[in-house]
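Asks: Next input, structure requested:
(one chain, ligands or ions: 2)
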Amino acid sequence: MDVEEIGDDHLFSGIETPLRPDAFAMEDELKMELIEKHFRHIMEIMGLDMTDDSLKGTPKRVAKMYIKEVFSGLDPKNKPAVALFDNKYKYNQMLVEKDISVFSNCEHHFVPIYGKAHVAYISSGKVIGLSKLNRIVEYFSKRPQVQERLTVQIANELKQALQTEDVAVVIDAQHMCVQSRGIRDSGSSTVTAFYGGKFEEEATKKEFLAYLGM
Ligand SMILES: Nc1nc2c(ncn2[C@@H]2O[C@H](COP(=O)(O)OP(=O)(O)OP(=O)(O)O)[C@@H](O)[C@H]2O)c(=O)[nH]1
Ligand SMILES: [Zn+2]
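Replies: Numbering: from 1, shown residues only. Ligands and ions are numbered 1, 2, ... in the order given. Modelled structure (predicted):
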């Protein structure tokens, strides 16, 4: 999609998540206290009885969920450590990690995006532990996201971690903002893809997609 064409460049600006330079100047504890306070205010505005047993803990739960769980990937201190190992097995073919669960949130509506990511790379002489592929997907998912940016952020991190251009990422996900509200199309899903280096070659791309049954 061309930014110029849609004429709404604030919606789709750049590969980096738009964060202010002072994004982490405030301690997590204080962030949670403030989110709790403001979320309670939102619930009060909606007329909810905040003395109700089931509701009164919700602002605190939401604050903890935002900072420690679903948006914890905003903070670089939560980035997974990825150790590189020598490719002593001399495995020089494609490695595909498929069906990695994606749980993210749409940055336009703050409702879930969920689906599967499939990532692949061809070793340049180094390998990483398999679970690190899943962890990289998880880290970038735990941000307010658009699927295009999520795809590119994962690909860039894989390139950097694995010291190769030969990486591919496909994400197939469902957006609750499309399914449960707005257009309310519960049958559609969104597929995005990144192909770098050798994956831009037709045969390599085809092999990767064949492993995915695509
Ligand atoms: N490209 C892209 N768009 C997304 C993603 N997630 C949500 N959107 C879309 O972002 C757009 C936001 O557009 P707006 O018109 O400002 O929002 P809205 O009035 O709530 O739009 P409707 O969803 O059509 O009711 C919507 O079309 C969403 O479907 C994403 O990951 N990528
Ligand atoms: Zn949305």
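Asks: What about the nearest residue to residue 28 once chain neighbours are set aside, how many residues nearby?
Replies: Leaving out its chain neighbours, the residue that sits closest to residue 28 by Cβ to Cβ, 6 or more residues apart in numbering is residue 67, at 5.3 Å. Where C-beta positions appear, they are placed from N, C-alpha and C, glycine not excepted. Residue 67 sits with 17 neighbouring residues when counted by other Cβ atoms under 10 Å.
Asks: my guess is residue 67 is in a strand, correct?
Replies: No. Counting by DSSP: H, G, I helix; E, B strand; the rest coil, residue 67 falls outside a strand, being helix.
Asks: Distance check, it against ligand 2.
Replies: 21 Å (Cβ to the ion, to the nearest Å).
Asks: Kindly report the same for residue 102.
Replies: Residue 102 is 15 Å from ligand 2, by Cβ to the ion.
Asks: same question, residue 117
Replies: 18 Å.
Asks: Which residues are in contact with that residue?
Replies: 100, 101, 102, 137, 154, 169, 170, 171 (Cβ atoms under 8 Å, 6 or more residues apart in numbering).
Asks: try 6 Å this time
Replies: 100, 102, 137, 171 (Cβ atoms under 6 Å, 6 or more residues apart in numbering).
Asks: May I see these arranged in CSV, with distance to residue 120 and secondary structure as well?
Replies: Shown next, in CSV, are the contacts of residue 117 (distance: Cβ to Cβ, whole Å; DSSP: H, G, I helix; E, B strand; the rest coil):
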residue, distance to residue 120, secondary structure
100, 11, strand
102, 16, strand
137, 12, helix
171, 13, strand
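Asks: Of the residues you listed, which is the nearest to ligand 1?
Replies: Comparing those against ligand 1 with Cβ to the nearest ligand atom places residue 171 closest, at 9.5 Å.
Asks: residues near residue 18, how many?
Replies: 11.
Asks: By proximity to ligand 1, which residue of the protein wins?
Replies: residue 182 (3.1 Å).
Asks: tally of neighbours for that residue?
Replies: For residue 182, using other Cβ under 10 Å, the count is 12.
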